[in-house]
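>>> pasted the sequence and its predicted model underneath.
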Amino acid sequence: MSNILRTALIGLLVGIIGTGIGGSMAFILKNPSKRFLSSTIGLSSGLMIAIVTFELLPEAFMLGGMFASVIGIGLGAFTAALLDSFLSKLRYIQRRGGQGYIKTGILLGIGIALHNFPEGLAIGSGFVAHERLGIGLAIVIALHNMPEGLAMVTPMRAGGYSRIKSFSLTLLAGAPMGIGALAGAFIGEHAYWLIGTCLAFAGGTMLFITLGELIPKGKELDNSRISTFFAIIGFMVGILISKRF
């Protein structure tokens, strides 16, 4: 097997395993109470904000520069807003109902897929630069993708998707990392500026979805401070993950 194909396979496995472990929560969420779902969505929201703030965006600033990263964040948020509007008008989403949770889960899945592509680029480029760097990035990114899988599967289960379907969609959201790793292996060191811009774009989409969809949905499920408390806990855990790895 060539080095390029091996790198692409590693990226694919990292994306699928990382989000899949988080998505496996679908099998635990059998008949979850609204308070439990609110807590989980709050926890996921805090994790996502911390990872975007302390991991994605600093990396984007370092690789792509401040100006390009700020533009990338704005474009990412604008793209997420367009997707939000488009999904809201789909008859399938309207027919499924689920108080908008299905739309939130699909939006988050798209954001995670966008996020995984530039992370795949980082893995591919890392292997080209130095195999140890590529392996280190793969481990870190797999760990960071676990809360993303959890964040995606929770609103889907709340909206009525089956456990198998919710879990399968989290695996699908991780697949673009393999494509990114393949592209990164080809581009190598010359992709660093592109990786930074892509990371900022993904950060913008994730911020829009978390602030505009996940946090409000957590409050809707349980009209108390439970989702807020868990969002803060998730934020603190996200800081530890970012700084530890």
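Received, thanks.
>>> any idea how far Ile28 is from the residue lying closest to Phe27 once chain neighbours are set aside?
With sequence-adjacent residues excluded and distances taken as Cβ to Cβ, 6 or more residues apart in numbering, Phe27 is closest to Arg163, at 5.3 Å. Every residue, glycine included, has its C-beta placed from N, CA and C. Distance of Arg163 to Ile28, given as Cβ to Cβ, to the nearest Å: 9 Å.
>>> more neighbours, the two?
Higher neighbour count among Arg163 and Ile28: Arg163, with 18 against 11, using other Cβ atoms under 10 Å.
>>> surely the more buried one and Met25 touch.
No: counting by Cβ atoms under 8 Å, Arg163 stays clear of Met25, with 9.4 Å between them.
>>> show me what contacts Ile16?
Applying Cβ atoms under 8 Å, 6 or more residues apart in numbering to Ile16 gives the contacts 171, 174-175, 177.
>>> what's downstream of the helix or strand of the chain with the lowest mean pLDDT, the next helix or strand?
Counting by mean pLDDT, DSSP states H and E, the weakest-scoring helix or strand in the chain turns out to be helix 91-96, with a mean of 49. With elements assigned by DSSP states H and E, the helix or strand that comes after helix 91-96 is helix 101-129.
>>> tell me which other helices or strands that next one touches.
helix 3-23, helix 66-89, helix 91-96, helix 131-158, helix 163-174, helix 176-187, helix 192-209 (3 or more Cβ pairs under 8 Å, 6 or more residues apart in numbering; DSSP states H and E).
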